[in-house]
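>>> fold the stuff below for me.
(one chain, ligands or ions: 1)
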Amino acid sequence: MATSATLTTTHLSTFRTILDEWNQNRLKTSPIKGFHVPLEELQQSPPSKDALKDVIVAFRTRPPLPNEAADKFHVDPDAKDAPVDEDGQPPVVEFCSGITVTSAEPGVFFAHVPGMKWSGPTLTHKPYEADLAFGPGIENEEVYQRTVVANDMLSLALSGGVGCILAYGQTGSGKTFTMESVEHRIARDLFDQARIVGKRLLLAQGGDPVAAENGDIFEFNVTFLELLGKHASDLLESTTEVDAQGNPVRTEIAVREDKVGSVRPNLISSTVRTSAELEELINKALSHRRTSATLRNATSSRSHALLTISIKNRLLPYADEGQLILVDLAGSERYEDSKDHDKQRMEESRDNNKSLMNLKECVRAKAKMAAEDGFVHIPWRSNKLTMLLKPIFDIESRQPSRAMIIAHVSPHIQDSIHSTNTLSYAAPFKTIPPKPRGPAPYDAKDPRTWDHAKTIEWLTAQFTKHAMKSRQAEWNVKSKAAQLAGKKLKPLEDPVPGQLDLGVDILKICPEGSTAKDLGTLYTPQFVQRCLEARISEALRTDALKNNAVEIIGNLFYLILTAKTRKRNEIMKSRKKLVTEDVYGEAPRIDAEYDQEEFLDAQIFFGTNWQETIMAGYKKAKEEGRVEEWHNGGYGKTVELMLEEYRAHKAAEAEKAEKVGKAEAAVANNE
Ligand SMILES: Nc1ncnc2c1ncn2[C@@H]1O[C@H](COP(=O)(O)OP(=O)(O)OP(=O)(O)O)[C@@H](O)[C@H]1O
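Got it, this is the predicted structure:
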């Protein structure tokens with residue numbers, strides 16, 4: 001039977017004609033939109049932090065490779081039922097585009113999906129939107145500048161936050177090409193950036209200007225983990241042992257939460273001091289990366305690869321370590337593409353798809369939470385991949401984090417169905433920043449609702465507490481010395497209100513117009529730096545001020561976190577039992593009632609159709625005013641119908657396999 005790719009190839013010239021007409025008509029009404037800021041300008045001006053989002057999504061498509069179309073979609077003219085074109089000739093397999101970029105920022109990709117009606121071939125043009133879109137002509141350097149640099153990922157990690165970049169897409173779409181270039185460029189820039197940040201921090205502490213010139217205050221540790229199906233291994237472990245398929249055998253690494261809730265797999269952690277050392281390490285790990293041929297790409301990577309650069313700030317040894325997590329995800333193969341593989345490969349493929357689905361749930365939930373400032377559950381514990389990404393998904397983490405997903409699609413029209421799957425996977429991550437809703441009602445326990453005066457009052461109380469403590473400690477020392485000299489010191493009197501030397505100018509820490517909510521968006525080192533710059537008394541030692549500042553910002557983060565958790569509990573209580581709106585507010589969920597294994601397998605089988613079918617049912621019920629009915633049975637029925645279809649498909653597959661087995665046995669017997 002001809003595959004849809006072969007059918008498309010057969011009608012290539014018709015599709016090309018339809019596509020040209022569509023493009024001409026489109027260009028008449030709307031010209032192609034470029035990026036907001038030219039690249040040179042972007043490189044000169046630092047990004048504005050106010051405009052940054054927690055989740056950023058970008059699309060990328062690559063140019064076709066030489067001879068790729070003819071090789072990849074080769075049609076055998078001698079085969080039985082060999083396809084012929086409209087003129088009865090073997091189809092000429094040349095490149096035909098399946099993707100059109102109509103806007104770079106916001107990013108808009110149109111996927112051209114071939115179809116067949118009684119009247120002949122048809123083409124549906126499906127639009128998808130992201131924050132950014134990179135067409136086939138965009139070079140790696142520009143992708144890096146507009147993603148990593150423009151979103152301040154390096155400063156974020158150097159300031160104790162977590163920056164994560166994920167490359168997603170069909171096998172062979174260009175994920176590794178992008179990620180490797182991002183990794184090498186980060187190796188190129190990280191140390192220069194660290195010197196700039198380090199110098200600022202050292203000078204703010206009144207440090208030695210010569211030492212500050214080197215700015216060498218960070219320690220960088222690198223790990224490289226590979227997740228193949230359910231199995232994690234260390235890509236920095238050198239091995240000579242190989243398995244039956246010729247893949248290197250490495251120690252299995254456990255991925256689990258420890259007693260204090262951290263996920264820290266026992267990996268080789270290498271300290272790097274220079275760009276060259278980091279570069280060398282990346283090259284070593286990449287050469288170790290397990291690859292093997294799949295149906296679609298001769299050097300396809302079947303595993304997720306996670307490069308983590310942890311950054312310790314030696315000036316703030318107790319602050320959380322910053323992290324850069326760079327993830328080259330396994331190819332998102334469809335069931336159709338993996339079914340001809342052996343059992344092990346099919347299992348890997350299934351596990352990969354499950355982890356990609358869990359990842360989707362987590363990223364969508366994170367995007368939703370950032371946009372609405374409310375609470376949503378992020379199911380990061382459901383899978384090893386998402387567990388490894390705990391620092392960006394755990395809502396209880398005090399570290400600021402930012403995730404960027406770059407969804408890659410093949411440029412070929414024969415891959416359009418794959419492309420629509422990829423684009424509809426990633427497009428919902430794009431969120432619109434929340435509209436200003438006016439100030440939230442004041443709540444003494446929620447710093448996010450405090451005005452400037454209340455913030456100053458709280459900061460003053462915090463610094464007063466520390467000043468009182470150090471005053472008392474000083475008196476204790478003096479009193480001890482007096483005792484030794486046989487004297488007795490006068491008891492310490494309370495200070496005259498307003499005359500206690502706090503050592504800092506509170507108004508410099510929280511200038512007019514800013515509030516606790518603004519302070520809550522600072523990274524710990526930034527707050528510490530601000531406090532050091534606000535020092536007005538030499539009596540307050542740098543070390544003491546640093547420690548006080550870390551504690552105070554920690555207290556503020558804690559109050560914000562507690563307020564968020566309280567809000568979450570209120571929301572949870574108000575929700576109906578069992579029947580809950582899912583994280584996208586789209587459809588109700590009673591998923592826990594199903595056999596989870598089968599439930600996930602069915603979702604993988606249906607791909608994007610699963611969610612689309614549920615959405616369609618929900619929307620219809622909503623339009624007809626039957627939402628309650630949908631909650632109480634409609635959703636369940638829809639899921640049951642899809643599960644039944646999946647079971648029927650599995651039964652048919654099993655029957656087919658049995659027949660093939662019997663036929664093979666018969667042939668073997670005759671022989
Ligand atoms: N933007 C691009 N420009 C030029 N060539 C590219 C581009 N992106 C990818 N390629 C080339 O396309 C081929 C496939 O890319 P790559 O290996 O990165 O795909 P992949 O999505 O990582 O596949 P897999 O999941 O199988 O690892 C490679 O030969 C790569 O060099």
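>>> what about Asp87, neighbour count?
7 (other C-beta atoms under 10 Å). Every C-beta, even on glycine, is put in place using the N, C-alpha and C of the backbone.
>>> and it, that one's in a helix?
No: checked against DSSP: H, G, I helix; E, B strand; the rest coil, Asp87 lies outside a helix; its state is coil.
>>> how close does it sit to Thr240?
Separation of Asp87 from Thr240 (C-beta to C-beta, to the nearest Å) stands at 57 Å.
>>> what do you get for Leu329?
In terms of C-beta to C-beta, Leu329 sits 28 Å off from Thr240.
>>> those two: which has the busier surroundings?
Using other C-beta under 10 Å as the criterion, Leu329 and Thr240 rank with Leu329 on top: 26 against 6.
>>> quick one, what contacts the more buried one?
With contact set as C-beta atoms under 8 Å, 6 or more residues apart in numbering, Leu329 has these partners: Leu166, Ala167, Tyr168, Gly169, Lys175, His304, Leu356, Leu359.
>>> mind checking which of these are in helices?
Under the assignment DSSP state H, these contribute Lys175, Leu356, Leu359 to helices.
>>> can you list the residues of this protein near the ligand?
Within the chain, the positions lying close to the ligand (C-beta under 6 Å from any ligand atom) are 62-63, 65, 169, 171-177, 297, 300-301, 331, 408.
>>> can you say which two of these are spatially most distant?
Greatest spacing in the residues of the chain next to the ligand, by C-beta to C-beta: Pro63 and Ser301 (20.3 Å).
>>> ok, these two, which is more surrounded?
Neighbour count, other C-beta under 10 Å: between Pro63 and Ser301, Ser301 has more, with 23 against 13.
>>> compute the number of surrounding residues for the residue nearest to Pro265 when sequence neighbours are not counted.
Nearest residue to Pro265, sequence neighbours excluded (C-beta to C-beta, 6 or more residues apart in numbering): Ile253, at 4.8 Å. By the criterion of other C-beta under 10 Å, Ile253 has 18 neighbours.
>>> shouldn't Ile253 be in contact with Phe224?
No: applying C-beta atoms under 8 Å as the test, Ile253 and Phe224 come out as separate, 11.2 Å apart.
>>> shared neighbours of the two, anything?
By C-beta under 8 Å, 6+ apart, the residues touching both Ile253 and Phe224 are Asp234, Leu267.
>>> separation between Met179 and Ile413?
26 Å.
>>> higher neighbour count, those two?
Ile413 (27 against 23).
>>> please name the nearest non-neighbouring residue to the spatially most central residue of the chain.
Of all residues in the chain, the one closest to the mean position by C-alpha atoms, centre = their mean is Ala403, 3.9 Å from it. With sequence-adjacent residues excluded and distances taken as C-beta to C-beta, 6+ apart, Ala403 is closest to Cys164, at 4.6 Å.
>>> now that neighbour, what's its secondary structure?
From three-state DSSP, the assignment for Cys164 is strand.
>>> quick check: bridge partners of it?
For Cys164, the beta-bridge partners are Ile325, Ala403 (DSSP bridges).
>>> residue contacts, it?
Here Cys164 is in contact with Leu324, Ile325, Leu326, Val327, Leu389, Pro391, Ile392, Ser401, Arg402, Ala403, Met404 (C-beta under 8 Å, 6+ apart).
>>> before we move on, what about Leu385?
So Leu385 contacts Leu227, His304, Ser355, Leu356, Asn358, Leu359 (C-beta under 8 Å, 6+ apart).
>>> what's the neighbour count on Lys619?
Lys619, neighbours per other C-beta under 10 Å, totals 13.
>>> can you pull the pLDDT of it?
pLDDT recorded at Lys619 is 82.
>>> and it, what helix or strand is that in?
helix 608-623 (DSSP states H and E).
>>> list the helices and strands that helix packs on?
Secondary-structure packing of helix 608-623 (3 or more C-beta pairs under 8 Å, 6 or more residues apart in numbering; DSSP states H and E): helix 416-426, helix 596-606, helix 627-629, helix 635-670.
>>> lowest average pLDDT across the ones you listed?
Looking at these, the bottom one is helix 596-606 with a mean of 69.
>>> tell me where the stretch 251-400 of the chain has helices.
275-288, 335-338, 343-372, 384-388, 390-393 (DSSP state H, counting those that start in this stretch).
>>> export these to TSV and tack on distance to Glu105?
Below are the helices of the stretch 251-400 of the chain laid out as TSV (distance: least, C-beta to C-beta, whole Å):
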stretch	distance to Glu105
helix 275-288	29
helix 335-338	32
helix 343-372	18
helix 384-388	29
helix 390-393	24
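>>> from the centre of the protein, point out the most distant residue.
Distance-from-mean max, the chain, by C-alpha atoms, centre = their mean: Gly486 at 66.3 Å.
>>> the residue of the stretch 401-550 of the chain found nearest the ligand: what secondary structure?
Nearest to the ligand, among the residues of the stretch 401-550 of the chain, is His408, at 5.7 Å (C-beta to the nearest ligand atom). Secondary structure state of His408, per three-state DSSP, is strand.
>>> ok, it to Cys531 distance?
Distance from His408 to Cys531, by C-beta to C-beta: 44 Å.
>>> who has more neighbours out of these two?
Comparing His408 with Cys531 by other C-beta under 10 Å, the one with more neighbours is His408, at 29 against 26.
>>> you'd agree that one is up against Leu166?
No: proximity of His408 to Leu166 does not meet the contact threshold set by C-beta under 8 Å, at 10.8 Å.
>>> quick one: residues contacting Ile311.
Applying C-beta under 8 Å, 6+ apart to Ile311 gives the contacts Ala157, Leu158, Ala194, Phe218, Glu219, Phe220, Glu321, Gly322, Gln323, Leu324.
>>> looking at these, which has the most residues close by?
Ala157 (30 neighbours).
>>> identify the residues contacting that one.
Ala157 touches Gly163, Ile309, Ile311, Gly322, Gln323, Leu324, counting by C-beta under 8 Å, 6+ apart.
>>> pick out the lowest-pLDDT one from those.
Confidence-wise, Gly322 trails the rest of those, at 90.
>>> wouldn't that one be in contact with Leu154 here?
No: using C-beta under 8 Å, Gly322 makes no contact with Leu154, being 9.4 Å away.
>>> find residues that contact each of these two.
Between them, Gly322 and Leu154 share no contacting residue, judged by C-beta under 8 Å, 6+ apart.
>>> so Ala5 is in which element?
helix 4-10.
>>> just checking, what packs against that helix?
Judged by 3+ C-beta pairs under 8 Å, 6+ apart, helix 4-10 is in contact with strand 107-117.
>>> so what strands line up beside the strand it packs on?
Going by DSSP bridges, the partners of strand 107-117 are strand 99-103 (antiparallel), strand 120-130 (antiparallel).
>>> show me what the last one is in contact with.
The set of residues that contact strand 120-130 without belonging to it, under C-beta under 8 Å, 6+ apart, is 11, 14-15, 18-19, 22, 57-59, 100, 102, 106-116, 407, 420, 423-424, 426-427, 429-430.
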